[in-house]
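Asks: structure here, sequence nowhere to be found:
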C-alpha cells in the first residue's frame, strides 16, 4: 500500500519504476488491493505527491511534468487507462497552474488524447485550462460534455464543475443555462455532508438569482434571494472567510438586483456603481479585505427584497409575508417607507381592497414619521433600532396628519386612474374606508365630493371639482383642457406620489393637446399658428412635468382664459425644471 499517499513526485516515480519491474500477475495483484481503497484509486495514487510538494513550496513544475509523462507511459503499458489519464492530467496541471504555460498544457492533453483516445477526463482538464484563460466559449462545450459523461461521486468536484460551466454560459450570454447550472450546483452542495459546503450552496443560489435577473425573471430571482437571506443566520460570519464573504455578497447582490428592478443607479460605499461579476457570489477564494466591510442587519435585506417584490407586482410573496418574516424585528424607519410603497403598489394595481388596507396601515406610519422624522432621518443606516410602529386608535386616525395622508393617497389614486384611463371606484372606496374609519372621516367626505357629478368646470373650480369632472368623462373644449392640465400639473408637482404620476400626467397632457390641435381648431385662436405650435411642443415632450408645463404655456395664446401672473410664474418654474436638471448633469 506504499503506492498510496506518496508525498513526493520523485518517490512516486520510484514506486512506478518498482511496479514496472514486476511481472504482470504480481502487478495486477497489487492493483487489485489498491482498487479496494474507497474513492478513485488512480487519483489517490497520483495527486497527493504533487499536492504535498505544492503545499511545501518545493514543487519544480517542469521536472514533475516530465516525471508524470513517463509515469503515464508506464501506466498505459500496464493497461491501467485511468491511472494513465490521472498522470496525463497531473502533467497538464503542472504546466498550466504552476508553469503558467497554458499552451504547453493543452499540447500535453493533445498528446494524451492521441495515445488514449478522447475522454471526458481529458475534456474536463482542457475545459479548466480554457476557463482559467477566460476562453469561455471554448470551455463551455467541454464542460457540458464533462457534466453529462463524468461520474461525479465527489460533491466538491461536481459543484466546481457546475460553477465553471455556469460562469462560461453567463459570460457568453447564455443566462438560461447559467441559471440552471448555478441552481444545480446549489442543490449538489446542499446534498453534501452537513456544513461542508454551506457557504458555497448559498453563493451558488445567489449566482442563480443574478442569472435570473439578467433574464428579467425577477420573481424567481427574488424567491431565490429571500431563501438565501433566510439561510444566512445559520452561517456564522466570524467562523471563516468564506462565511464572511457570502454574508456580504448576498447583501451586495440584493442591492444590485434592486438597482435593476427599480431602475436606480445605486453605488457602494466607495461611490462606484453596483456591479456583479458572473459567479462572484460563489467565489471559493474570496479576498481577505472583505471582512473589513460593514455588515448591516439582515432585516434591511428583507425590506429591500419586499420593495422589489412590490415593484414587480408582488408575485414573489415577500411583501405579503414581510411581517411574519420580520417578527418583532421591524425597523420603523424602513417600515414607514415600505408601507408607503404598499400604497404606491396598490395605486398602480388598481385593486380597491389592497388600496384601502395599504392606506390604513400607512396612516399609522405617517403619524409615526411625523413625530419621529428627525431621528428617522438621522439614523445610522447600519445600526437601525428595532421596534413596532404603534397602531392608532380609531379616533386618532381622524387627526390632521393621518387624515391628510389618507386624502393625499386617494387623490393620487384618482389622478392615476384618470390619466391611465381607468375607472375610479369612488363608491367601493367609500364603503371600504367607512368600515375602518367611520362615515365622518375626512377621506370619506373627500370621496363623497369626488363622487359628485360635475359636468362643467371653469377657472374658479376647485381641484376636487376638476378631478370629479375628469373622472366623469365629460366632453371637454380647449378651455376645459387648459384648466384640467393646470390642475394636474400643480397637484402632481406637490405630491409625494409624483414618481408614479409624472409620466402619466405628462402623457395625458400631450394627448389632450394633440386632440385639441387636430380636432378642435374651431375652438382655438389663430389655429394655423397655434395648432402647429402646440403640436411642436408635444413633439419635444420628454414625458415629464417640465414638458407638460411647456405644452400648457405654448397653448395659452390659443385660449381665452387668462392666468394670474403667479400661476404663470409657477408654470414657468415647472418648465425650467428640465433645464436645471440638465445644468446639474
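Replies: Structure received. This one's a predicted model, so the numbers in the text were calculated from it and none came from an experiment.
Asks: remind me, longest helix of the protein?
Replies: Looking across the chain with DSSP state H, the single longest helix is helix 352-378.
Asks: buried ones in the following helix or strand past that one, by neighbour count?
Replies: Next helix or strand after helix 352-378 toward the C-terminus (DSSP states H and E): helix 400-419. Buried residues in helix 400-419, counted by 16 or more other CB atoms under 10 Å: 401-403, 405-419. To be clear about C-beta, it is placed using only N, CA and C from the backbone, and glycine gets the same treatment.
Asks: what pLDDT, on average, does the longest helix of the chain get?
Replies: The average pLDDT within helix 352-378 is 92.
Asks: what packs against it?
Replies: Where contact means 3 or more CB pairs under 8 Å, 6 or more residues apart in numbering; DSSP states H and E, helix 352-378 is packed against helix 332-349, helix 400-419, helix 426-437.
Asks: nearest to residue 244, out of the ones you listed?
Replies: Nearest of the helices and strands packed on helix 352-378 to residue 244, taken as CB to CB: helix 332-349 at 24.2 Å.
Asks: now that closest one against helix 352-378, angle please.
Replies: 150 degrees (axes from the mean of the first three to the mean of the last three CA atoms, to 10 degrees).
Asks: so which helix or strand takes in the residue sitting nearest the centre point of the chain?
Replies: In the chain, the centroid-proximal residue (CA atoms, centre = their mean) is residue 257; its distance is 1.7 Å. Using DSSP H and E, residue 257 maps to helix 241-262.
Asks: buried ones in that helix?
Replies: Buried, per 16+ other CB under 10 Å, within helix 241-262: 242-261.
Asks: for stretch 439-452, same thing?
Replies: 441, 442, 443, 444, 446, 447, 450, 451.
Asks: any idea how far it is from the chain center?
Replies: Averaged C-alpha coordinates place stretch 439-452 at 41 Å from its chain's average position (CA atoms, centre = their mean, to the nearest Å).
Asks: what's it in contact with?
Replies: In this structure, residues lying in contact with stretch 439-452 by CB atoms under 8 Å, 6 or more residues apart in numbering are 359, 397-398, 403, 406-407, 410-411, 414, 424, 426-427, 429-430, 433-434, 437-438, 464-465, 467-468, 471.
Asks: show me just the buried residues among those residues.
Replies: By 16+ other CB under 10 Å, these give 359, 397-398, 403, 406-407, 410-411, 414, 424, 426, 429-430, 433-434, 437, 464-465, 467-468, 471 as buried.
Asks: okay, now residue 460: neighbour count?
Replies: By other CB atoms under 10 Å, the residues close to residue 460 number 7.
Asks: ok, it to residue 469 distance?
Replies: Residue 460 sits 13 Å away from residue 469, going by CB to CB, to the nearest Å.
Asks: orientation of the longest helix of the chain relative to helix 400-419 in degrees?
Replies: 130 degrees.
Asks: what pLDDT does residue 31 get?
Replies: 89.
Asks: OK, contacts around it?
Replies: Residue 31 touches 41, 80, counting by CB under 8 Å, 6+ apart.
Asks: next one, pLDDT for the residue nearest to residue 500 when sequence neighbours are not counted please.
Replies: Distances taken as CB to CB, 6 or more residues apart in numbering place residue 344 nearest to residue 500, at 5.7 Å, with adjacent residues excluded. For residue 344, the pLDDT comes out at 97.
Asks: one more: residue 43?
Replies: Residue 43 carries a pLDDT value of 82.
Asks: find the nearest non-adjacent residue to it, please.
Replies: Closest residue to residue 43 apart from its sequence neighbours, by CB to CB, 6+ apart: residue 86 at 5.6 Å.
Asks: again with residue 541
Replies: Once flanking residues are discounted, residue 541 sits nearest to residue 547: 3.8 Å by CB to CB, 6+ apart.
Asks: surely that neighbour meets residue 510?
Replies: Yes: shown here, residue 547 and residue 510 form a contact pair, counting by CB atoms under 8 Å, at 7.4 Å.
Asks: overlap in contacts, the two.
Replies: Joint contacts of residue 547 and residue 510 (CB under 8 Å, 6+ apart) are residue 541.
Asks: and residue 344, what does it touch?
Replies: Residue 344 sits next to 310, 497, 499, 500 when contact means CB under 8 Å, 6+ apart.
Asks: just the buried residues from those residues, in PyMOL please.
Replies: Of the contacts of residue 344, the buried ones can be selected in PyMOL as follows, counting by 16+ other CB under 10 Å:
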select buried, resi 310+497+500
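Asks: for the contacts of residue 344, give me a markdown table that also has distance to residue 219, secondary structure and pLDDT.
Replies: Listed next are the contacts of residue 344 as a markdown table, based on distance: CB to CB, whole Å; DSSP: H, G, I helix; E, B strand; the rest coil; pLDDT from 0 to 100:
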| residue | distance to residue 219 | secondary structure | pLDDT |
| --- | --- | --- | --- |
| 310 | 12 | helix | 95 |
| 497 | 25 | coil | 97 |
| 499 | 22 | helix | 94 |
| 500 | 21 | helix | 96 |
